[in-house]
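# this one's structure only:
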């Protein structure tokens, strides 16, 4: 997973596959039910918050298939605190939660450098402060982008050749685009 932080606080984490980008957001401790959350997924925009008070209000890095995209409120089984005996949120006695937003890519196989575009100009963003995620650039560094491209290409190879094991496979030089390499991805 890749993490977007602002002022040393994790705003969200995300990961991607050939088909989708999954965003993980830790909600405030008082959130225990999905109906408390307002999530609007548009072809090029995501809004997440509580009844018109948006925590995230950003353009997505790529185009999204809205009808195939979803969001859920789940128990946070990946949280380090949850791996210990302390699985309870001290504020309300319930388990810690995570909002999981799955954005289906309209262009399968495209490597997104970020889940949300945000505002790359940190000074302008700090002045306007429209959302937490717009206060810093949130795109991956070049090495991470190459790793994502490699992962997507290996996923494509595995999908096309289910009998082969591509774990540990490596590429020399620049990793080709999975959408175009050797016939591209199939829908």
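Nice, thanks for sending it over. These numbers come from a predicted model, not from an experiment.

# how near is the residue lying farthest from the centre of the chain to residue 146?
Going by CA atoms, centre = their mean, the residue of the chain most distant from its centre is residue 163, 29.5 Å out. Here residue 163 is placed at a distance of 27 Å from residue 146 (CB to CB, to the nearest Å). Backbone N, C-alpha and C define where each C-beta goes, glycine included.

# before we move on, what about residue 26?
Residue 26 is 29 Å from residue 146, by CB to CB.

# Distance check, the nearest residue to residue 117 once chain neighbours are set aside against residue 34.
Among residues not flanking residue 117 along the chain, residue 59 sits closest, at 4.4 Å (CB to CB, 6 or more residues apart in numbering). Distance, residue 59 to residue 34, using CB to CB: 24 Å.

# go on, residue 8?
For residue 8 relative to residue 34 (CB to CB), the value is 29 Å.

# what residue ranges in the protein are flagged as low confidence?
In the prediction, the chain carries residues with pLDDT under 70 at positions 79-94, 119-141, 143, 157, 173, 175-187.

# I figured residue 99 hits residue 22, correct?
No: contact criterion CB atoms under 8 Å: residue 99 and residue 22 do not qualify, at 10.9 Å.

# Compare the two and say which one has the larger neighbour count.
Counted by other CB atoms under 10 Å, residue 99 and residue 22 do not tie: residue 99 has more neighbours, with 22 against 16.
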